[in-house]
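Participant: Have a look at this prediction, sequence included:
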Amino acid sequence: MWNFLFVFLGIYVVSTILLFVFITYQTKKDNEEQDPLHVKIFASLALSLILTLVLMFFIFVVFGADNLVSFIFSVELDIKQLLFMSVIVVAYSLIADNLAFAVVTYFFRNMIWALTIISVIRFMLFILIGSFFSFGDTTMTILALGFTLLFLLVDIYDVTLKK
């Protein structure tokens, strides 16, 4: 429980500071009238709270997927490992996954091939993440399959939604 609180506060504080700096920089850059300090602080706090809640939602989704896979296959994982792995998977899904999917769909116009190739890439990436945390081979494979299937289901839903 405390781990989640520390992650939440860490994301919240960092995003508040970054948003405050960004707002201050933008108003100076645009030569606009300087807003009072309390307006900048309130805007930074409100926007960073929204950003933090969205990121924590994704972390809980991934953390829940970890727990579900762990429960189904009776895999024992440390809570800190699970939390850090969740953060890494969320960072990957928000940063690199869309880029990788766009590149793969560009080279493979057939969506079945594109989904197959991106699933293999994700599986290998999740195996790499699991080896980073020194999971056993069985645990690593189970978690990689669970994440790969989760991402594949989301991609299939997106593809059918676009058609």
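Facilitator: Cool, got the structure. No experiment lies behind these values; they were computed from the predicted model shown.

Participant: Which stretches in this structure count as helices?
Facilitator: 2-29, 37-72, 79-95, 97-107, 111-132, 137-162 (DSSP state H).

Participant: Can I get those helices in a markdown table including mean pLDDT and mean neighbour count?
Facilitator: To be clear about C-beta, it is placed using only N, CA and C from the backbone, and glycine gets the same treatment. Putting the helices of the chain into a markdown table (pLDDT from 0 to 100; neighbours: other Cβ atoms under 10 Å) gives the following:
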| stretch | mean pLDDT | mean neighbour count |
| --- | --- | --- |
| helix 2-29 | 85 | 13 |
| helix 37-72 | 79 | 15 |
| helix 79-95 | 78 | 17 |
| helix 97-107 | 87 | 14 |
| helix 111-132 | 89 | 16 |
| helix 137-162 | 84 | 15 |
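
Participant: is it true that T52 touches L18?
Facilitator: No. In terms of Cβ atoms under 8 Å, T52 does not count as a neighbour of L18; the distance is 11.6 Å.

Participant: now what about stretch 88-100, what contacts it?
Facilitator: The contact list for stretch 88-100 (Cβ atoms under 8 Å, 6 or more residues apart in numbering) reads L55, F58, I59, V62, I118, I121, R122, L125, F126, I129, F147, F151.

Participant: For L5, which residues are in contact?
Facilitator: Here L5 is in contact with no residue (Cβ under 8 Å, 6+ apart).

Participant: gap between it and T52?
Facilitator: 12 Å (Cβ to Cβ, to the nearest Å).

Participant: Can you tell me the closest non-neighbouring residue to T16?
Facilitator: Computed as Cβ to Cβ, 6 or more residues apart in numbering, the closest residue to T16 that is not its neighbour in sequence is S48, at 4.1 Å.

Participant: wait, the one you found sits on G10?
Facilitator: No. Using Cβ under 8 Å as the test, S48 is too far from G10 to be in contact (11.6 Å).

Participant: Kindly reformat the contacts of stretch 88-100 as CSV containing distance to V103.
Facilitator: Listed next are the contacts of stretch 88-100 as CSV, based on distance: Cβ to Cβ, whole Å:
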residue, distance to V103
L55, 25
F58, 22
I59, 26
V62, 23
I118, 9
I121, 10
R122, 13
L125, 14
F126, 18
I129, 20
F147, 20
F151, 15
